[in-house]
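1. have a look at this fold, sequence not included:
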């Protein structure tokens, strides 16, 4: 089967960011399928290259670095999305005919080249929803123009209607797609996966503890984007309520990092450590190994309760206690799986109380970690979920 895979933010383990598309695509290729990945080309990259059996077709428009993109103003980001969609459309129309088109959002504008390719080649389209666009940017205040909101919602409904099948990354996203009029049997849940190869309870995080001068303190880490959607102010305010026996390590970059660093300076906190951005996902795995608990933190916005964050599933794979602050699916996963604790969003006192309880109960932390790894292995294995996605693609191709 020839798969035309569209994702603006294609990233391998050599970079920082989500690697779902890379991990799925290389598994598809290992099964003997031909995979062409259309993505934004990074500076200095060839427009065509081979990566682990994947033909990567780079489009020189827009941006492929998700973290860098979050630093742009909302109007500039929208412009770059449009530029990439236009250039990618021209690219896919020149590529050989695939058996199926597999496109992943955000941004929602990825639907434009996906629809064009499916129509041009008369092949099925499988559209993957990683965030509920445009509802997410609307609730976050990024898309405020009423006309653009209506146009975006029309595009959303149109692509769901035209797609042969839709893949959703969380139960909340699946419900959102169905609520928009898509038949339930046309929407399959394929959540983000745990990287069982890179993250492990057996990893030694001693080098990271030494480099960050963490000693034998209880360490809570956050790794990921420091953007508008991640309310890390809650973490810093919680740190201000705690003593020197706890360290909060914040690792990553994004639009809000400088403001967060300034807040730490203003409060005079010594128990918050900003880890320098490191070049690959291996560094994130080492930080997880150096941690006692890993945090998944979001702003208190209802649409964000539907997220399916890589950082949580990698926390499970690392066998570390999870701390989440979003009601709904993530809280249910952590609490029902006894893999960690949930805290109220935007409530620093609740976070400080829960972290203090974990620090004082090391046996409980160890048990949560074992349960987390079991969750990763039994429910969120990358091999298992890639196989589920591949089954959707094969069924779509057979239907045509």
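-> Looks like it arrived, so ask away. Computed from a predicted model, the values in this text were never measured in an experiment.
2. quick check: which ranges of the stretch 151-300 of the chain have low pLDDT?
-> For the stretch 151-300 of the chain, the stretches flagged by pLDDT under 70 are 277-279.
3. should've said the stretch 301-400 of the chain
-> Answering for the stretch 301-400 of the chain: no residues sit below the bar, that is pLDDT under 70.
4. what ranges do the helices span in it?
-> For the stretch 301-400 of the chain, the helices defined by DSSP state H, counting those that start in this stretch occupy 310-318, 329-336, 348-359, 362-379, 382-399.
5. which of those helices sits closest to residue 253?
-> Closest approach to residue 253 among the helices of the stretch 301-400 of the chain is made by helix 310-318 (14.2 Å; CB to CB). Backbone N, C-alpha and C define where each C-beta goes, glycine included.
6. so what's the nearest residue to residue 232 once chain neighbours are set aside up against?
-> Distances taken as CB to CB, 6 or more residues apart in numbering put residue 260 closest to residue 232, at 5.5 Å, once the chain neighbours are dropped. Residue 260 sits next to 226, 232, 233, 236, 250, 274 when contact means CB atoms under 8 Å, 6 or more residues apart in numbering.
7. who's in contact with the closest residue to residue 390 other than its chain neighbours?
-> In space, and not counting its chain neighbours, residue 390 is closest to residue 28: 5.9 Å by CB to CB, 6+ apart. When contacts are counted by CB under 8 Å, 6+ apart, residue 28 touches 3, 35, 386, 390, 393.
8. now those residues in TSV, with distance to residue 170?
-> As requested, these are exported to TSV (distance: CB to CB, whole Å):
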residue	distance to residue 170
3	23
35	25
386	17
390	20
393	20
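9. from residue 258, how far out is the residue nearest to residue 390?
-> Between residue 28 and residue 258 the distance is 40 Å, computed by CB to CB, to the nearest Å.
10. likewise residue 311?
-> Using CB to CB, residue 311 is found at 21 Å from residue 258.
11. same check, this time on residue 272
-> 14 Å.
12. neighbour-wise, which of the two wins?
-> residue 272 (23 against 12; other CB atoms under 10 Å).
13. quick one: contacts for the more buried one?
-> Residue 272 touches 235, 236, 239, 247, 248, 250, 264, counting by CB under 8 Å, 6+ apart.
14. is the fourth one in a helix, a strand, or coil?
-> Think residue 247. Under DSSP: H, G, I helix; E, B strand; the rest coil, residue 247 falls in the strand class.
15. which of the contacts of residue 272 lies closest to residue 14?
-> Distances from residue 14 to the contacts of residue 272, taken by CB to CB, are shortest for residue 250, at 22.6 Å.
16. tell me if I'm right that the closest one and residue 276 touch.
-> No. Residue 250 lies out of contact with residue 276 (CB atoms under 8 Å); the separation is 10.9 Å.
17. neighbour count for the two, which is higher?
-> When residue 250 and residue 276 are compared for neighbours, residue 250 comes out ahead with 25 against 9, by other CB under 10 Å.
18. helices of the stretch 151-300 of the chain, start to end?
-> With DSSP H, counting those that start in this stretch as the criterion, the stretch 151-300 of the chain has helices at 171-179, 206-211, 233-239, 257-267, 281-289.
19. got these as TSV, with distance to residue 158 columns?
-> Shown next, in TSV, are the helices of the stretch 151-300 of the chain (distance: least, CB to CB, whole Å):
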stretch	distance to residue 158
helix 171-179	13
helix 206-211	47
helix 233-239	38
helix 257-267	37
helix 281-289	35
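20. nearest to residue 300, out of those helices?
-> helix 233-239 (8.8 Å).
21. contacts for that closest one, please.
-> Against helix 233-239 from outside (CB under 8 Å, 6+ apart): 220, 222, 246, 248, 250, 260, 263-264, 267, 269, 271-272, 295, 297, 325, 345-349, 351-352, 355.
22. one more time with 7 Å, if that's ok
-> Contacts with helix 233-239, where a contact means CB atoms under 7 Å, 6 or more residues apart in numbering, come from 222, 248, 260, 263-264, 269, 271-272, 295, 297, 325, 346, 348, 351-352, 355.
23. most neighbours among the contacts of residue 28, please name it.
-> Top of the contacts of residue 28 by neighbour count (other CB under 10 Å): residue 35, with 26 neighbours.
24. helix, strand or coil: sort out it for me.
-> Classified using three-state DSSP, residue 35 is strand.
25. quick check, residue 101 in a strand?
-> Yes. Secondary structure assignment (three-state DSSP) places residue 101 inside a strand.
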